[in-house]
Every structure is written in structure tokens, then in C-alpha cells.
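A.B. asks: Based on what follows, work out the 3D shape:
(one chain, ligands or ions: 2)
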Amino acid sequence: MKNYTSFKRNEWAKLVPKNKANITKEELAQIKSLGDVVDLTDVHEIYTSLISYLHLVYQDKQQARQAQIKFLHKSFEPAPFIIGISGSVAVGKSTTARLLQLLLQRTYPDLKVHLMTTDGFIYPNKELERQGLMSRKGFPESYNMALLSNFLRDVLSGKKDIVYPLYSQELSDIVPGKYGHVKNPDILIIEGINTLQLPESGQVVTSDFFDFSIYIDAEEDLIEKWYMQRFQKILKLNKNKPDNFYYQMANGPLDQAMQFAEEVWQMVNLVNLREYIAPTKERASLILHKTDGHLIDKIYLRHI
Ligand SMILES: Nc1ncnc2c1ncn2[C@@H]1O[C@H](COP(=O)(O)OP(=O)(O)O)[C@@H](O)[C@H]1O
Ligand SMILES: CC(C)(COP(=O)(O)O)[C@@H](O)C(=O)NCCC(=O)O
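C.D. replies: Ligands and ions are numbered 1, 2, ... in the order given. Just a heads-up that it's a prediction; the model follows:
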């Protein structure tokens, strides 16, 4: 990759020798999604350097804003620093995003760090069915991109309380009547498979709103394994929840359920990865490459 400097794990870790992220094992336990195994080594070797670099980018942005405001003879209006996180379905975006939020909050206790996902901007199943898009969930046309752009515009305009829809993986649908709120955060982390995608002509590019972006990368076979493992965990979690989307499958033959998940991976998520997600990789400011066991083995930092 021409526009990036690449680092092996230990080279990246050496950029910031001191351990600044004094996070405890208890705090780490909070962010583990569905029983995953992020460990303190990752925090020390990968995220400490990342947080230090983000600090530089953050300061740079504040300075540039101050300069512009002075030039325009305007008064200072706070606007959040926005970090976008992208990558395949099941590559570990939400887990990484939660860890980053926790570490940023720990490092800068005076700053408000809000985390959200773009899943909420997928049309509700009813609407997807109406448009014949149920098997295209996650593809560009399944998102209400105009709503997402308007939302981001509101965020940057400094509006006080902005609502956004919420998606539930267990329901496999938008949660009716429930909304997230963005209330003037200093840092907004926004994760989703579409965060680096270029929209159809005429629409606003989501990543134009970002101050920094991260793409999480891994080999297809590994991501498939993580997808299947997560699917199995979701089945277990919903065995006794009759209202749940996965309830019938969770109580039927396991091999049939796994066959279904395999088909969804092959026909939907893998196609989406190849056609629409992976091509956005080289738009990211930073690429975190993962190997077996979710271990980050390579880091690529884009030149500016
Ligand atoms: N660092 C990690 N260590 C162990 N398991 C992880 C890690 N990151 C993600 N996982 C697991 O991989 C699966 C997919 O992760 P998730 O964060 O849900 O992905 P995404 O948000 O990209 O769909 C989940 O089962 C999660 O528990
Ligand atoms: C809603 C999603 C696109 C979100 O992706 P994620 O946050 O899991 O990366 C995905 O979970 C999804 O529903 N994909 C469609 C096919 C499936 O059920 O996996």
C-alpha cells in the first residue's frame, strides 16, 4: 500500500514507550462483547500508541478551528472530533470502538466521548421488505444515507440533542420507538460497515465529516469464522426468548441453523465485503490488520 507506513506490532508499540493507559482488568471486562478475549497486551502494545497519535490529530484540529474562527471573526462554537471505524460485518468494529471509547474516556476524563453505530440508519425490515431489499441488508441501498448525512450535519452544527435510530442484532431489526441521543460530545466515535463508502452522486460523503478513520482488516476465512462463532453465541443467548428473531432457530437443529448462517455469510456479508466494504480500505487514516484470535499483527498509518 503506497500511501501508508506499515508497522509490525512491536514496531508500533515502540513509538510510545511509556504505558499511559492505566486500565484495569475489571474495566476491560466491561467492553468485551459476547465474551471475547481482548487482553491487556493489546491495550499496551496497540492502543497506547493509537491514543497518543489521536491526541496529536485532535490538537491539530482544535488549532485549525481556532485559526479559522479568528479569520472569520466568529465566536468559538464547540464541534465534536469525529472518528469513523469501518470493516466487514463481524470483523470486530464494535469491540474495537468500545475499547477506544473506554481508553479515550480514561485518558481524557474531562472530555465527553460518545459511541454509536450506523446500523441504526438501515431501513426497518418492513421497509426493506417493501422495497424487496431483505437479502441486501448491509448493502449501500439498505441504508438511509440522506438521514445519516443530515444527522452528521446536525452533529457538526453544534445542535444540543440529536436523536438517531437504534438497531438490534438480536431482533435483526430497528428497535421500534427507541432512540440514541448525541448531546454535544467532544469526541464522537461512529462505527459501521458503510462509514468509508462513497455515496451515489449528489449525496454527501460520510467520511467528509471524519477527523480520523480506522479500517479493521482480516482474511476472509477468519472473519467468516468470527461471524459463525458470534451467530452461535446469539443463538445461545436467545434460546429462551420467544419474541426473538433467532428463537425458532435456537430451538431447532443446530446444523440447520449453522447452514442458514453459512448461507447468509456467503450470499450477503461476503459479497458485501468484496464489493462494497474492502474497496474502501485505503481511504482510512489507519488500518488495523488482525490475525488468529483477533490479535492485531500489522498496523498501517496513512501519510498526510
Ligand atoms: N479483540 C477481540 N478478541 C476476541 N474476540 C473478539 C474481539 N473483537 C471481536 N471479537 C468477537 O468477534 C465477533 C465480532 O465482533 P463484533 O465487535 O461484534 O464485530 P462487528 O461490530 O465488526 O460486527 C464477536 O463475537 C466478538 O465477541
Ligand atoms: C446490520 C449489519 C449489516 C451490521 O453489521 P455489524 O454491525 O454486525 O458489522 C449486519 O449485522 C447484518 O444484519 N447483516 C445482514 C445479514 C446478517 O444477518 O448477517
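A.B. asks: Could you use CA atoms for every contact and neighbour count after this?
C.D. replies: Fine.
A.B. asks: Where does the closest residue to residue 217 other than its chain neighbours sit, in terms of helix or strand?
C.D. replies: Excluding its sequence neighbours, the residue lying closest to residue 217 (CA to CA, 6 or more residues apart in numbering) is residue 289, at 4.6 Å. Per DSSP states H and E, residue 289 falls inside strand 286-291.
A.B. asks: Can you list the strands that the helix or strand hosting residue 190 pairs with?
C.D. replies: Per DSSP H and E, residue 190 falls inside strand 187-191. Sheet partners assigned to strand 187-191 using DSSP bridges are listed as strand 81-87 (parallel), strand 113-117 (parallel).
A.B. asks: does that strand come close to ligand 2?
C.D. replies: No - Strand 187-191 is not in contact with ligand 2 by CA under 6 Å from any ligand atom; minimum separation 7.9 Å.
A.B. asks: Give me the contacts around that strand.
C.D. replies: Outside strand 187-191, the residues that touch it by CA atoms under 8 Å, 6 or more residues apart in numbering are 80-86, 93-94, 97, 101, 111-118.
A.B. asks: again, only using 6 Å
C.D. replies: 80, 81, 82, 83, 84, 85, 86, 113, 114, 115, 116, 117 (CA atoms under 6 Å, 6 or more residues apart in numbering).
A.B. asks: and the host helix or strand of residue 248 with ligand 2, contact?
C.D. replies: Assigned by DSSP H and E, residue 248 falls within helix 247-250. No - using CA under 6 Å from any ligand atom, helix 247-250 stays clear of ligand 2, coming no nearer than 13.0 Å.
A.B. asks: Residue 296 contacts residue 218, doesn't it?
C.D. replies: No - with contact defined as CA atoms under 6 Å, residue 296 does not reach residue 218; the gap is 9.2 Å.
A.B. asks: Now tell me what touches stretch 193-213 from outside.
C.D. replies: By CA under 6 Å, 6+ apart, the list of residues contacting stretch 193-213 reads 82, 83, 84, 85, 86, 87, 88, 280, 284, 285.
A.B. asks: My guess is the fifth one contacts residue 273. True?
C.D. replies: Put plainly, it is residue 86. No - counting by CA under 6 Å, residue 86 does not reach residue 273; the two are 11.0 Å apart.
A.B. asks: can you pull the pLDDT of the most centrally placed residue in the chain?
C.D. replies: When CA atoms, centre = their mean is applied to the chain, the residue found nearest the centroid is residue 191 (2.3 Å). What the model reports for residue 191 is a pLDDT of 97.
A.B. asks: Check residue 182 too.
C.D. replies: pLDDT recorded at residue 182 is 95.
A.B. asks: remind me which residues of this protein are low pLDDT?
C.D. replies: In the predicted model of the chain, residues 17-23, 28-40, 200-204 satisfy pLDDT under 70.
A.B. asks: Which parts of it are helices?
C.D. replies: 9-14, 25-31, 40-42, 48-71, 93-107, 125-130, 145-156, 220-237, 247-250, 254-264, 270-272 (DSSP state H).
A.B. asks: burial measure for the closest residue to ligand 2 within the stretch 101-250 of the chain, as a count.
C.D. replies: Nearest to ligand 2 in the stretch 101-250 of the chain, going by CA to the nearest ligand atom, is residue 138, at a distance of 3.7 Å. Residues contacting residue 138 under the criterion other CA atoms under 10 Å number 23.
A.B. asks: Now it, what are its backbone angles?
C.D. replies: Here the main-chain torsion angles of residue 138 (degrees, to the nearest 10) amount to phi 100, psi -20.
A.B. asks: Show the contacting residues for the nearest residue to residue 122 once chain neighbours are set aside.
C.D. replies: Spatial nearest neighbour of residue 122, excluding adjacent residues (CA to CA, 6+ apart): residue 143 at 4.2 Å. Applying CA under 6 Å, 6+ apart, we find residue 143 in contact with 121, 122, 123.
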